[in-house]
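Asks: Provide a 3D model corresponding to the input given below.
(one chain, ligands or ions: 1)
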Amino acid sequence: MTTAQKLSFDVQLSDHARTAAERERVLADPGFGQTFTDHMISIDYTEGEGWHDARLMPYGPLSLDPATAVFHYAQELFEGLKAYRQEGGAIASFRPYANAARFNLSAARMAMPELPEETFVESLELLVQTDREWVPTTPGHSLYLRPFMIATQPALGVNYPSRTYRYMVIASPAAAYFGAGRPVSVWLSTEYTRAAPGGTGFAKCGGNYAAAFVAQRQAVEQGCDQVVWLDASEHRYVEEMGGMNLFFVYGDRLLTPALTGTLLPGITRDSILSLASDLGLTAEEGRLSIEEWQSGAESGELTEVFACGTAAVVTPVGSVKGADRAWTIGDGTQGPVTSRIREELVGIQYGSRPDAHSWVHKIC
Ligand SMILES: *Cc1c(COP(=O)(O)O)cnc(C)c1O
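Replies: Numbering: from 1, shown residues only. As a prediction, this is how the structure comes out:
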């Protein structure tokens, strides 16, 4: 076994970083994923050699050969997490080692190289420290971090995965994804399938999204905000919503679809499963059909439904529409359990609530 040599990052600071005034203009209304900070991280991988050329460099376009594998065979994966400005000005992220572990789980599925978890976290720290002025101070805003990896070999052969890769991290100041607390309406997709057993549903890869846009567009055409995915074989059991996991609230009992391999193992989902008992709720993983969803909502036994994920945190689901059915959950507004979970989670992330699970990772 070779001793893994710790990568050291070459630091090349931008000579065209935006001025404080330009930055403040962006931070006044950041939107989501539209404007990026002054720097980015890049690390290359070559089969036989491992990871090399780790660097922090000015944010900017890439120059890649048109034959580069990622353009043709979508060998790509990504992560998403945030840096939060805490009370007192310190900056922290939330469970970055969980993102590092999931990054490697996705990498294994996509026949891509794993990145040492320490290097993953160190790359985030270096970018956030360098661009720390870009971490918003507005409550509820954050700096969204997007680590990703692409296959970079310029070759069209498909007998073997790419032998070279690039890992990168970019960062973007972010406002609330949906208006905080505004319930979303969802469309049940029975025509399309997101993921099947043995496929890539559990991996955070761009290909999953490429195949999902047609259903998301259909949801919008149906007057809904988001698509809800059902199981591949019967289109009957609930899996997840767009890029978020779902929770069903029965009074003080939470139910979320079990991780069968076809849904994304959300870190927000996992955190809420742990938080539930702190809040005096019970939580279980299981299976829920769309008939049970409808009958529970109609009888009133199912009191709330919410979606959760890094980008939109916790978002209530107000109404559901399918090809031949439609119903409302509760009175269609955000319920008390959803509010409590959202406040608790956001409180931990921004440092105003105790971090009993040691999830908060101080950066600077
Ligand atoms: C990223 C993602 C989620 C949410 O995961 P978090 O770790 O909570 O942000 C849920 N579903 C899909 C499809 C995703 O890509």
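
Asks: contacts for stretch 357-364?
Replies: Residues outside stretch 357-364 that contact it (CB atoms under 8 Å, 6 or more residues apart in numbering): 83, 90-97, 121, 124-125, 128-129, 132, 271, 274, 348-349, 351. Using the backbone N, CA and C atoms, a C-beta is placed for each residue, glycine as well.

Asks: start to end distance for it?
Replies: Terminal residues of stretch 357-364 are spaced 20 Å apart (CA to CA, to the nearest Å).

Asks: What residues does the residue nearest to V214 when sequence neighbours are not counted make contact with?
Replies: Nearest residue to V214, sequence neighbours excluded (CB to CB, 6 or more residues apart in numbering): Y192, at 6.4 Å. Applying CB under 8 Å, 6+ apart to Y192 gives the contacts 211-212, 214-215, 218.

Asks: Of the residues you listed, which is the most crowded?
Replies: A215 (21 neighbours; other CB atoms under 10 Å).

Asks: Can you list the buried residues in stretch 230-239?
Replies: The neighbour-count check on stretch 230-239 (16 or more other CB atoms under 10 Å) flags 230-232, 235, 237-239 as buried.

Asks: same deal with stretch 57-74?
Replies: Within stretch 57-74, the residues scored as buried using 16+ other CB under 10 Å are 57, 59, 68-71, 74.

Asks: Tell me the gap between that stretch and the middle of its chain.
Replies: Relative to its chain's centre, stretch 57-74 lies at 22 Å (CA atoms, centre = their mean, to the nearest Å).

Asks: Other residues contacting it?
Replies: Residues contacting stretch 57-74 (CB under 8 Å, 6+ apart): 12-17, 36-42, 75-76, 150-156, 158, 161-162, 170, 205-207, 210.

Asks: do you know how far the residue nearest the centre of the chain is from F120?
Replies: Ranked by distance to the mean C-alpha position of the chain (CA atoms, centre = their mean), the top residue is G80 at 4.3 Å. According to CB to CB, to the nearest Å, G80 stands 13 Å off from F120.

Asks: which residues are common contacts for these two?
Replies: Residues touching both G80 and F120 (CB under 8 Å, 6+ apart) are N99.

Asks: So which bits of the helix or strand hosting V227 are buried?
Replies: Using DSSP states H and E, the element containing V227 is strand 226-230. For strand 226-230, the neighbour count (16+ other CB under 10 Å) marks 226-230 as buried.

Asks: Stretch 241-255 too?
Replies: In stretch 241-255, counting by 16+ other CB under 10 Å, buried: 241-249, 254-255.

Asks: and that stretch, how far from the chain's centre?
Replies: 17 Å.

Asks: Averaged pLDDT, that stretch. What do you get?
Replies: Throughout stretch 241-255, pLDDT has a mean value of 97.

Asks: From start to finish, how long is it in a straight line?
Replies: Termini of stretch 241-255 sit 15 Å apart (CA to CA).

Asks: Check whether it comes near the ligand.
Replies: Yes - residues of stretch 241-255 contacting the ligand under CB under 6 Å from any ligand atom: 243-245.

Asks: Kindly indicate which of these lies nearest the ligand.
Replies: Closest approach between the residues of stretch 241-255 next to the ligand and the ligand, by CB to the nearest ligand atom: G243, at 4.2 Å.

Asks: wait, what's in contact with the nearest residue to the closest one once chain neighbours are set aside?
Replies: Spatial nearest neighbour of G243, excluding adjacent residues (CB to CB, 6+ apart): G309 at 5.8 Å. Residues near G309 by CB under 8 Å, 6+ apart: 243-245, 266, 268-269.

Asks: Strands of the stretch 51-200 of the chain, start to end?
Replies: Here the stretch 51-200 of the chain has its strands, by DSSP state E, counting those that start in this stretch, at 76-78, 81-85, 91-94, 142-151, 164-174, 184-189.

Asks: model confidence over whatever helix or strand comes next after the last one, on average?
Replies: Going back to what we said before, that points to strand 184-189. Sequence-wise, the next helix or strand downstream of strand 184-189 (DSSP H and E) is helix 206-210. Averaged over helix 206-210, pLDDT sits at 97.
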